[in-house]
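based on what follows, work out the 3D shape:
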Amino acid sequence: MAVQDWQEIPDAVRRAVEKEAGSVSSAVSPSNGRNSDLLATLQTERGKFFVKGVVAGTRRARMQQVEAAVNAVLPHAVAPRLLWEVEADGWSVLGFEHVNGRHAELRPGSPDLPLVVESAAAMVSSLARCRLDLQTASEQWAWMSPWRRLSKATLDDLDPWDQKHIEQLIEWERHAIQSVRGDSLVHGDLHPLNILVSERARVVDWAWSTIGAAWLDTAALVLRLVAAGHTPAQAEEWANQISAYRDAPDRAVTAFAVLIMGAWVYKGTFPQLNDVARRYVQYRLSG
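Numbering: from 1, shown residues only. Alright, predicted model coming up:
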């Protein structure tokens, strides 16, 4: 199902939302977003709210349940608060406080970089020893095992470098699935579209959250910095400001980069990211 506009969802759902938020005078849907059936900023008589809605009984609904559960343990300095949840006519809708901000800019020299590192460090310090009953990062990645899946496809469809090194990449993947274990709450999908910046950086869309190693989100951001124009060395220098990443085992960081590369190649959504990840993995393997 494609993301629907506010006026397209059932009347009973809109009435239930307005009972919590107040009468809606305008609704603006963002241009991006893949995990919800409804995404909108609502202007109401009580102020602004950001809402996410899903049809019950779907994979999206399960992901939204994760996001609702996770929000209760997130520090307000890191993420917007969940204010209410309504269920009506086979829909579940979450209402969040509205955050003014723009998507983070990660290019070299960006004034957003200190704000992003501050939030990433806050996530590490505040989300350790999480007791939520969530899927582990190891379980999630073991299920995906992208390089194992790719090895069973037609190898001629792979990049020549990937073809040549497929067995090595599978071995690194096996190591990564063990290395991502930990007891911290991990966002799992940290990229510029999920970071809103104003006077500070706030992280949104926690639907992919798992329990894993504390350094995983920072390591994922390293690849995003490389995609934004940093050299691998510059990106890692930025990440080294965060102690959990700085202290992570070197082989584990390399293995996780291989895992992310595999996921991007397997999904095939953004070919330019495949090239970024491949370049970074080659950098890690050459060291």
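
Arg246 is in contact with Asn240, isn't it?
Yes. Contact status for Arg246 versus Asn240: in contact at 4.6 Å, counting by CB atoms under 8 Å. Glycine gets a C-beta too; all of them are placed from N, C-alpha and C.

determine the three-state secondary structure at the nearest residue to Ser138 once chain neighbours are set aside.
Leaving out its chain neighbours, the residue that sits closest to Ser138 by CB to CB, 6 or more residues apart in numbering is Arg181, at 5.0 Å. Classification of Arg181 using DSSP: H, G, I helix; E, B strand; the rest coil returns coil.

now Arg181. Its backbone dihedrals?
Dihedral pair for Arg181: phi -70, psi 150, per degrees, to the nearest 10.

got it, and Ala228?
According to degrees, to the nearest 10, Ala228 has phi -90, psi 0.

find the nearest non-adjacent residue to it, please.
Counting by CB to CB, 6+ apart, the residue nearest Ala228 is Leu106, at 3.9 Å.

doesn't that neighbour belong to a strand?
No. Counting by three-state DSSP, Leu106 falls outside a strand, being coil.

surely it touches Val222?
No. Using CB under 8 Å, Leu106 makes no contact with Val222, being 10.4 Å away.

ok, the two, which is more surrounded?
Val222 (25 against 22; other CB atoms under 10 Å).

helices or strands next to the helix of greatest length in the chain in the packing?
For the chain, the helix that runs over the most residues, judged by DSSP state H, is helix 250-267. Under the contact criterion of 3 or more CB pairs under 8 Å, 6 or more residues apart in numbering; DSSP states H and E, helix 250-267 touches helix 137-144, helix 146-151, helix 166-179, helix 216-227, helix 271-286.

reformat the ones you listed as a markdown table; add mean pLDDT and distance to Ala12.
Formatted as a markdown table, the helices and strands packed on helix 250-267 follow (pLDDT from 0 to 100; distance: least, CB to CB, whole Å):
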| stretch | mean pLDDT | distance to Ala12 |
| --- | --- | --- |
| helix 137-144 | 98 | 35 |
| helix 146-151 | 96 | 41 |
| helix 166-179 | 98 | 44 |
| helix 216-227 | 98 | 38 |
| helix 271-286 | 96 | 40 |
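
give me whichever of those is most buried.
helix 216-227 (a mean of 24; mean count of other CB atoms under 10 Å).

run the chain-centre distance for that helix.
11 Å (CA atoms, centre = their mean, to the nearest Å).

pull the CA atoms of it into PDB?
Extracted in PDB, the C-alpha atoms of helix 216-227 (Å, rounded to 0.1, in the frame of the first residue of the first chain):
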ATOM      1  CA  LEU A 216      26.800   0.000  15.400                       C
ATOM      2  CA  ASP A 217      24.900   3.200  14.700                       C
ATOM      3  CA  THR A 218      28.100   5.200  14.600                       C
ATOM      4  CA  ALA A 219      29.700   2.700  12.300                       C
ATOM      5  CA  ALA A 220      26.800   3.000   9.900                       C
ATOM      6  CA  LEU A 221      27.100   6.800  10.000                       C
ATOM      7  CA  VAL A 222      30.800   6.400   8.800                       C
ATOM      8  CA  LEU A 223      29.500   5.100   5.500                       C
ATOM      9  CA  ARG A 224      27.100   8.000   5.200                       C
ATOM     10  CA  LEU A 225      29.900  10.400   5.800                       C
ATOM     11  CA  VAL A 226      31.900   8.800   3.000                       C
ATOM     12  CA  ALA A 227      28.800   9.100   0.800                       C
END
